[in-house]
Every structure is written in C-alpha cells, then in structure tokens.
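Peer 1: My questions concern the predicted model and sequence given below.
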Amino acid sequence: MAFFETFRAVRWIRTLNLVLQAVLVLTFFGGLNYVAKNHPSRFDLTAQRKFSLSPESLSYVKNLQRPVHIIMTMSADVENPEVKGLIDEYVYTTEDRPAGRITKETLDVYQNRKRAEELGIDQAGIIVLISGDRRRVVTVDELYSLKNKKRDTFHGEQALTAAVLDVASATRQRIYFLTGHSELKPSDAEATRGLSALRDQLKLRNFEIEELELSVARKIPTDASLLIAVAPESVYRRSEQELLRQYLSANAGRMILMLGVGLSTTALGLDDLLLDWGVLVHNDVIVDTGPANVTDTGELLIWAYANHPITKTLIDSGQKLRLGMTRTVMPDPGRTLGNGLKTVTLAATSPTAWGERSFRSGVIPRYDPGIDTRPLPGMDPPDRLGLIVASERLAVRDNLPFSVRGGKLVVFGTGDLLSNARLDTAGLMIALNAVNWTVDRDLQLSIPPRPVERFELALSTADFARLRLAVLVGLPGAVMLLGLIVYWTRRA
C-alpha cells in the first residue's frame, strides 16, 4: 500500500489543509488592514452628505499654515452628532499635513477640572479653537438655526471653517473703544460704568481690545477694524467729528454707537455724522404702558426684531432684550434714497410705547399729542418706535455690475446695555452679532446650511411590551430552535 493511501497520510494532508486555510485567512485580513491603513478611501452615501466637507472648506483647511486644536466641551445630557461628525471631518482631512493639522479633544469640564482651569474654560456646550496664542470660542447654539423652538438647520461648517481660518491667520482684528467723553470703558471693572465683561468675551473670540482718545491721538489707527463708543456724555470736537466722518465714509470704516438718555445728538456733536448715515436719534425716553412689555422694575422688554444677521440668533432662540432708559432711534425719513445707503430698524418697541420728551424725575409720564414721539406713518416697522438701527453703504464703482462694500454704522438708543451690571445673554448675543456683522466676520463664506435630520419612534405601552418580549424571548428562542434543528439534522 502506498504511503499517501494510508490513514496517517490522510491525517497529515487534512492538517496541512487546515493550516493553509488559516494562513490564507490571516493573510487576507492582514492585507486588507494594510490597504485600509495606507490607502484609505471613503464614500459618503448620506442624502445630505453630512460626513463630507464642502469644496470651499476643503480648499481652505488643506492650505492651513498653522496647526489648530479644537476642544469640545459637550454636555453629557445633550447629543450633538452633527457637531462631532463635522469636527471629525476636519481632523481626517488634515491628518497627513504636519504644518496645518487640525486635532481635537473632548473635555468634560466638571470631571476634569484641572484641564479646564488650564484652558480657562468653565462651561459646557462650547467649542474652543486654539492656534498658538490665539483662540476663539464658538457656542454650540450658534451652529444651529431654530424653527418652532427646534433645531431646523445646521450652519456649523460655515461657522467652524471661519473660526479655523480666523485663529490660524497671522493677524487679529483690533477693536478700539473711544474714550475722552466719559464713555464706558473696557478697562473698568465697576458694575455700572465698566465694560470688562464684554471685553473678556471679545478677547475669547480672538479680538484685540484697545482704548482710543481721539483728542490725544488726533488720528484713527489704520489697523482699526471697528470703533465702539458707549454712552458718551460730552461733545465731540470738530476735529474728532471730522475724523469719524472720514473714517466711516472715505475709509469704509465700521462703528457701533450706543447713546444714553439725556443729551441730544446736537449737544454731543454727532448730528452731521448721523445725518450722513440716514439715522435719526430723538432726545426722549421711551415709555410703555403695556404690562407685558415692562418688568417689575420698569425695564423695557423688547422682542420685535427685523430679520437681519445681528438679530437672527435672538429671533431663533426667542430671546427678549431687557433695556433700561432708552431713546428712539429710527431711519431718517428725510434721507436721500438710491445713494447706496441701506438703513434698517433692527429692534422696535410694542405698539403701546411712545417717546416721552418731558422726562423729569418724579413726574408721571403721560403721552402729549404733538409733543411726544410716536411712530411715523409709512415707516417700518409700522406702529412701533425703533431702538436699534443698522446703516450700511454699498457703492457701485465705475458702472460695474457689482457693489463694493462700504462703511457700516450701528446705533443703539441705550447706553448701559453692555455694562457689567446689565450684560445678560440677550445683550451679549446682540452685541457680539453687531460686532461680527460690522467687521464682516463669518459672512465671507458661501457654505449652504444643512437640514437637521430627526427620527422619531412612537410606541404605545402594548407595543413596547411586545418589543421587549421579542427581544428577551423571541431572539434567544429562535437561536435555540436553530441549534436544535442543526443538532437533529446531524444526528440523522
């Protein structure tokens, strides 16, 4: 009998066959892992391409010259899958770039207090982007727009791409707060006269903050991205007025002006400046008799907003502005139309409000027809007094079919909205939006938003009981029955 026909040879051949099969399986999976690691390829099959960056974002992040570290401080009880998936895409896109690589870190600020204190982070639900000594904070709520108090669309890619470019750039935008006329100062930590809380929030968003006294400097620095004047109480000299007018008009400058109650714009020397920008500021105090429109302490509650980038987040979140003494601000009805000037009332009172011109302490306000301020017919919004106005100049150059962006001016009819004692969520929201709008931050990207996909499964008590029975009994029973069938089949 030949050796290969013996039982011993058959056993060796079977053993060798099993070893070769095992080697083949291991080699196959090893080769598969090698290809997956060194030559990966991904395909986004979702309907909204939720796991892909737009071509515009790809072109930016693939050319970053500085690394960016993204820290997510997500709340444990709130899931944000769109945010987590988007940040993963930034990391994946730049993982092969040693210079401009984006990395991520998830931080629980309540459990890892030491790391949170090192980074200066004390709240959940925010995203911190750090590149070198530069940082920017983006809240998760800023990445969504709401509809019926539910998240409707996701704007995260536009906001995060702009934030990445901002912290990775070589220069910072510089904001100058005007001083010398008893304005509120960012260097002052006092409750009613200081703006230190606002200053800290602006620094977190990667702005550099400086103070500027025009009468001393006698010029506006060329690196000024924005000027802010909060509650001036004395007149601007002619030279200062001319500096501001030239900065806004000739240099396409940007300014936020917050005017408290008490002094007219004539007494402040700002009439010509406001006239240039089609803004009319009344010397009055707004009074509202509607009980739903004032707080127990007499503060105004404002929720009538125009649809504008400055007010968008207030509208989406249903936030009300809480204002102290406030004056009427509206587009100048006598302004010249068709000169590229676009003037919009951003926030307005309720229809029951008026502008009291005889605002003496101890006197009960009463509306006097023909004296006090009432809404003008034909002015938007109808039957309401304006409180905040935004003016923007778009200039057409050399008959070109597009407009060149000019200066911007935002005027508030209140002077203490941003003080340390009064600054709240809604006030900070509209202030930051006004700053971002004036300096064109986050508006240069044309990345479309994505709808938020939402799936709901409604089960009655009986349906849930049947589902539990199927999972706990049905599935194990099916596996057991299959095992019995295989057992009896092999026995047969």
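Peer 2: Thanks, I have the structure now. Keep in mind the model is a prediction, meaning the values are calculated, not measured. Residues are numbered from 1 along each chain as shown.
Peer 1: check contacts around the most centrally placed residue in the chain.
Peer 2: Nearest to the mean C-alpha position of the chain, by CA atoms, centre = their mean, lies E142 at 3.7 Å. Contact partners of E142, counting by CB atoms under 8 Å, 6 or more residues apart in numbering, are H155, A159, T313. From N, CA and C alone the C-beta is placed, and that goes for glycine too.
Peer 1: Could you report the pLDDT at it?
Peer 2: Reported pLDDT at E142 in the predicted model: 78.
Peer 1: Repeat that for the one 10 residues further on.
Peer 2: You'll see D152 listed with a pLDDT of 77.
Peer 1: for it, helix, strand, or coil?
Peer 2: With DSSP: H, G, I helix; E, B strand; the rest coil as the basis, the three-state label of D152 is strand.
Peer 1: and if you look at P377?
Peer 2: Using three-state DSSP, the structure places P377 in coil.
Peer 1: Could you report the neighbour count for E392?
Peer 2: Around E392 sit 19 other residues, with neighbours defined as other CB atoms under 10 Å.
Peer 1: any weak-confidence spans in the stretch 1-150 of the chain?
Peer 2: 1-5, 7, 42-51, 75-79 (pLDDT under 70).
Peer 1: give me that answer again for 80
Peer 2: Counting by pLDDT under 80, the stretch 1-150 of the chain contains low-confidence ranges at 1-10, 37-52, 54-57, 59-60, 63, 74-81, 96-98, 122-123, 141-142, 145-150.
Peer 1: Please enumerate the strands of it.
Peer 2: For the stretch 1-150 of the chain, applying DSSP state E, counting those that start in this stretch gives strands covering 68-73, 102-106, 126-131, 134-139, 144-147, 150-154.
Peer 1: Export the ones you listed to TSV and append columns for mean neighbour count and distance to L202.
Peer 2: Formatted as TSV, these follow (neighbours: other CB atoms under 10 Å; distance: least, CB to CB, whole Å):
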stretch	mean neighbour count	distance to L202
strand 68-73	21	19
strand 102-106	16	24
strand 126-131	21	15
strand 134-139	19	10
strand 144-147	17	23
strand 150-154	16	26
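Peer 1: Can you say which of the ones you listed is nearest to L226?
Peer 2: strand 134-139 (16.2 Å; CB to CB).
Peer 1: Kindly format the C-alpha coordinates of the closest one as PDB.
Peer 2: The C-alpha coordinates for strand 134-139 follow below in PDB (Å, rounded to 0.1, in the frame of the first residue of the first chain):
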ATOM      1  CA  ARG A 134      -4.800  82.700  19.600                       C
ATOM      2  CA  ARG A 135      -8.100  81.300  20.500                       C
ATOM      3  CA  ARG A 136     -11.800  81.600  19.600                       C
ATOM      4  CA  VAL A 137     -14.900  80.400  21.300                       C
ATOM      5  CA  VAL A 138     -18.000  79.200  19.400                       C
ATOM      6  CA  THR A 139     -21.100  78.000  21.300                       C
END
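Peer 1: Low-confidence regions, the stretch 151-300 of the chain specifically.
Peer 2: Across the stretch 151-300 of the chain, residues meeting the criterion (pLDDT under 80) sit at 151-152, 169-172, 204-206.
Peer 1: Show me the strands in it, by range?
Peer 2: So, for the stretch 151-300 of the chain - with DSSP E, counting those that start in this stretch - the strands run 173-179, 207-213, 224-230, 254-258, 279-281, 285-288, 300-302.
Peer 1: Same list, the ones you listed, but as JSON lines with distance to R199 please.
Peer 2: Putting the strands of the stretch 151-300 of the chain into JSON lines (distance: least, CB to CB, whole Å) gives the following:
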{"stretch": "strand 173-179", "distance to R199": "8"}
{"stretch": "strand 207-213", "distance to R199": "5"}
{"stretch": "strand 224-230", "distance to R199": "11"}
{"stretch": "strand 254-258", "distance to R199": "14"}
{"stretch": "strand 279-281", "distance to R199": "26"}
{"stretch": "strand 285-288", "distance to R199": "28"}
{"stretch": "strand 300-302", "distance to R199": "24"}
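Peer 1: Turn those into JSON lines, including mean neighbour count and distance to G355.
Peer 2: Converted to JSON lines, these look like this (neighbours: other CB under 10 Å; distance: least, CB to CB, whole Å):
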{"stretch": "strand 173-179", "mean neighbour count": "21", "distance to G355": "26"}
{"stretch": "strand 207-213", "mean neighbour count": "16", "distance to G355": "32"}
{"stretch": "strand 224-230", "mean neighbour count": "23", "distance to G355": "21"}
{"stretch": "strand 254-258", "mean neighbour count": "25", "distance to G355": "18"}
{"stretch": "strand 279-281", "mean neighbour count": "23", "distance to G355": "11"}
{"stretch": "strand 285-288", "mean neighbour count": "23", "distance to G355": "6"}
{"stretch": "strand 300-302", "mean neighbour count": "22", "distance to G355": "12"}
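Peer 1: right, and those strands - which one's nearest M72?
Peer 2: Closest approach to M72 among the strands of the stretch 151-300 of the chain (CB to CB): strand 207-213, 22.4 Å.
Peer 1: other SSEs contacting that closest one?
Peer 2: strand 173-179, helix 196-204, strand 224-230 (3 or more CB pairs under 8 Å, 6 or more residues apart in numbering; DSSP states H and E).
Peer 1: out of those, nearest to R366?
Peer 2: strand 224-230 (31.0 Å).
Peer 1: which helices and strands sit right next to that closest one?
Peer 2: strand 173-179, strand 207-213, helix 238-249, strand 254-258.
Peer 1: mind checking which of the ones you listed is nearest M74?
Peer 2: Nearest of the helices and strands packed on strand 224-230 (CB to CB): strand 207-213, 25.3 Å.
Peer 1: For the closest one, which strands pair with it and how are they oriented?
Peer 2: strand 173-179 (parallel) (DSSP bridges).
Peer 1: Residues touching the strand it pairs with, excluding its own?
Peer 2: Outside strand 173-179, the residues that reach it (CB under 8 Å, 6+ apart) are 183, 185-186, 195, 202, 206-214, 220-221, 223-230, 232, 435, 439, 441.
Peer 1: Taking helix 238-249 as reference, get the angle to it.
Peer 2: Strand 173-179 and helix 238-249 meet at an angle of 150 degrees, taking axes from the mean of the first three to the mean of the last three CA atoms, to 10 degrees as the criterion.
Peer 1: Any buried residues in stretch 379-386, and which?
Peer 2: Using 16 or more other CB atoms under 10 Å as the test for burial, stretch 379-386 gives M379, P381, R384, L385, G386.
Peer 1: ditto for stretch 15-22
Peer 2: Per 16+ other CB under 10 Å, stretch 15-22 contains no buried residues.
Peer 1: next one: stretch 181-190
Peer 2: H181, E183, L184, K185, P186, D188.
Peer 1: so how far is that stretch from its chain's centroid?
Peer 2: Distance of stretch 181-190 from its chain centroid, counting by CA atoms, centre = their mean, to the nearest Å, is 26 Å.
Peer 1: what's the answer for stretch 418-431, then?
Peer 2: 15 Å.
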